[in-house]
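Q: Everything below, folded, please.
(4 chains)
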Number of protein chains: 2
Amino acid sequence: MPKQVNPATRRLDVVDALFRIVVRDGLQHASLRAVADEAQLNTGSLRHYFESQQELMRFAMQSMLDRVATRMLRRLDEVGDVDALPLSEQRKLRASVLEELLPLDDVRRTEVIVFVEFIMAARTNPLLSELARTSALGTRSLVRRALTRMAGRGNLRTGIEIEAEITRLVALLDGLCLNAVLYPDVLSAQDCVAALRFHLADLEAH
Amino acid sequence: MPKQVNPATRRLDVVDALFRIVVRDGLQHASLRAVADEAQLNTGSLRHYFESQQELMRFAMQSMLDRVATRMLRRLDEVGDVDALPLSEQRKLRASVLEELLPLDDVRRTEVIVFVEFIMAARTNPLLSELARTSALGTRSLVRRALTRMAGRGNLRTGIEIEAEITRLVALLDGLCLNAVLYPDVLSAQDCVAALRFHLADLEAH
DNA sequence: GCTTATGTATCACAGCTGTGACATAAACAA
DNA sequence: TTGTTTATGTCACAGCTGTGATACATAAGC
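A: Numbering: from 1, shown residues only, chains lettered A, B, ... in the order given. Sure thing, here's the model as predicted:
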């Protein structure tokens, strides 16, 4: 008995299936038929919800970016104002915002893998390139926000060049993601957290 | 008139063609026919030099890693002993070793793109995974060598944890590569060099 | 009732993929 | 010379790809 399906949630189910394939086999194996099978749908059904494979890809990438952004905003909200807390607590909470970008659990690990696969695909796929570029600028402005806040409260050591530090921290985050995803036995989740917190501590006045 | 071809150089020509395709279109478009066309060869000819597509892929990845390694060793040799030089000169030369890993010109840019594409493919391709893992450990030991040398000459600031710094520097390098390759207009080659040198300077005693 | 929209399913088609089998021809070895 | 290796080229096959066209049933609106 069709028709009582919610198209929006169906599309998200399909996206979840696509993510599973990307994590398991890589983006190049995420064909329409493979995604349909993984979502336990007929290919005809799948194509009823997505005009074309390009639209599916774009929607999937956008969904992934939305999930990350939503999680970041929720975390920012949870952290809120930390001025009243002790310094060590402030540090931990501030770090926890950027830790949302690292593959520290299965949810984030999935998102990071899908993220990297898509931005790599975006390098040679014009239909995805603006999404990739926008997300890169988003990360950069998030890091800028974090660093300027720290600077505004005198939590950065003197003589620091903000833009240069943004570049360094963004590269560090991306590099940690890549290494943790590709070589989890070389760079564990704990190592990631340690590296990030160490770097942030290093930026503080001392 | 066949037969006076050098099989080894032929294979390298094919690898060059494959690299061009990977840079231009991505690894997923590097099919046997596409590579053969790019190398101006018949597919039958190509298959005379490579048993299968998997062998071509493995050989291409190995070739890329060899090229990077060769370039690194040559650079290490060129730099040699820098103790006699002024400090600023020492810094520049030491940085130049790690800069061989960054996409600072067309040669290195090509290698970095191919490198990232292959290690990503290695994530879900068992035939490439050991190569990727070996290269990751190689980078790590290279960075370890650089940092322990600096430490041995008292060029590292006190209280530094070597293993943690290796992780941080490796991640920084990888992150710079990824950003420079994906968003060259956001992170220029000069920015890359500046970020690396700034980081190295930051590790020095102060 | 009838009509329209929605969802599911099947088929066919052209295009690409890796690969096996084979033909041809030139260079070398006996 | 004859035979063998090396090199190039062609064909066909099964498998997968995205996509267009189509059928058919169910639900909703009239």
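
Q: Can you classify the residue lying closest to A:Leu101 once chain neighbours are set aside as helix, strand or coil?
A: Taking C-beta to C-beta, 6 or more residues apart in numbering or on different chains as the measure, A:Leu101 lies nearest to A:Leu173, with 5.5 Å between them; neighbours along the chain are not counted. C-betas here are computed from N, CA, C, even on glycine. In the three-state summary, A:Leu173 is assigned as helix, counting by DSSP: H, G, I helix; E, B strand; the rest coil.

Q: Roughly how far does A:His199 sit from A:Ala95?
A: Distance check for A:His199 against A:Ala95: by C-beta to C-beta, to the nearest Å, it reads 9 Å.

Q: and those two? which has more neighbours close in?
A: More crowded of A:His199 and A:Ala95, by other C-beta atoms under 10 Å in any protein chain shown: A:His199, with 21 against 17.

Q: hang on, isn't that one packed against A:Ala171?
A: No: contact status for A:His199 versus A:Ala171: not in contact, 10.8 Å apart, counting by C-beta atoms under 8 Å.

Q: Low-confidence bits of chain A, can you list those?
A: In the predicted model of chain A, residues A:1-4 satisfy pLDDT under 70.

Q: Go again with 80.
A: With pLDDT under 80 as the threshold, chain A has low-confidence stretches at A:1-5, A:7, A:205-206.

Q: How about the residues of it by DNA strand C?
A: By C-beta under 7 Å from any atom of the strand, the part of chain A that sits against DNA strand C consists of A:2-3, A:5, A:7, A:10, A:41-45, A:47-48.

Q: Select from the residues you listed the one having the most neighbours.
A: Within those, most neighbours by other C-beta under 10 Å means A:Leu41, with 18 neighbours.

Q: can you give me the helices for chain A?
A: Ranges of helices in chain A, per DSSP state H, are A:7-25, A:32-38, A:43-49, A:53-79, A:87-99, A:106-122, A:126-152, A:162-182, A:189-203.

Q: Those: which one's closest to B:Ala195?
A: Nearest of these to B:Ala195, taken as C-beta to C-beta: helix A:162-182 at 5.1 Å.

Q: So for that closest one, what gets flagged as buried?
A: Of the residues in helix A:162-182, those with enough neighbours to count as buried (16 or more other C-beta atoms under 10 Å in any protein chain shown) are A:165-182.

Q: okay but A:Gly206 is in contact with A:Arg157, surely?
A: Actually, residue A:206 is His rather than Gly. Yes: under the criterion of C-beta under 8 Å, A:His206 makes contact with A:Arg157 at 5.9 Å.

Q: Who has more neighbours out of those two?
A: Set A:His206 next to A:Arg157 and count neighbours by other C-beta under 10 Å: A:Arg157 wins out with 12 against 6.

Q: Pretty sure the more buried one sits against A:Ala201.
A: No: using C-beta under 8 Å, A:Arg157 makes no contact with A:Ala201, being 10.4 Å away.

Q: and the residue of chain A nearest DNA strand C?
A: Here the residue of chain A nearest DNA strand C is A:Gly44; by C-beta to the nearest atom of the strand that distance is 2.1 Å.

Q: which residues touch the residue nearest to A:Leu101?
A: Contact criterion C-beta atoms under 8 Å, 6 or more residues apart in numbering or on different chains gives A:98, A:101-102, A:139, A:143, A:196, B:175 as the residues in contact with A:Leu173.

Q: Could you do A:Asp191 as well?
A: Contact analysis of A:Asp191 by C-beta under 8 Å, 6+ apart lists A:180, B:167.

Q: And A:Arg58, by the same measure?
A: A:127-128, A:131.

Q: Just put the residues you listed in CSV and tack on neighbour count and distance to DNA strand D.
A: Compiled in CSV, these are given as follows (neighbours: other C-beta atoms under 10 Å in any protein chain shown; distance: C-beta to the nearest atom of the strand, whole Å):
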residue, neighbour count, distance to DNA strand D
A:Leu127, 13, 11
A:Leu128, 21, 14
A:Leu131, 19, 18
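
Q: Closest one of the residues you listed to B:Gln62?
A: B:Gln62 lies nearest to A:Leu128 out of these, by C-beta to C-beta, at 29.9 Å.

Q: Wait, that closest one touches A:Met61, no?
A: Yes: the pair formed by A:Leu128 and A:Met61 meets the contact definition of C-beta under 8 Å, at 5.8 Å.

Q: what is in contact with those two at once?
A: Listed as contacting both A:Leu128 and A:Met61 by C-beta under 8 Å, 6+ apart are A:118, A:122.

Q: hang on, isn't A:Leu41 packed against A:Val14?
A: Yes: in this structure A:Leu41 lies within contact range of A:Val14 using C-beta under 8 Å: 7.1 Å.

Q: start to end distance for stretch A:74-92?
A: When the termini of stretch A:74-92 are compared using C-alpha to C-alpha, to the nearest Å, they are 16 Å apart.

Q: which residues touch it?
A: A:93-94, A:96-97, A:100, A:153, A:197, A:200-201, A:204.

Q: So which bits of that stretch are buried?
A: Applying a neighbour-count criterion of 16+ other C-beta under 10 Å, one finds A:82, A:90-92 buried in stretch A:74-92.

Q: And stretch A:112-129, by the same measure?
A: For stretch A:112-129, the neighbour count (16+ other C-beta under 10 Å) marks A:112-125, A:128-129 as buried.

Q: next one: stretch A:136-148
A: Buried residues in stretch A:136-148 (16+ other C-beta under 10 Å): A:136, A:139-140, A:142-144, A:146-147.
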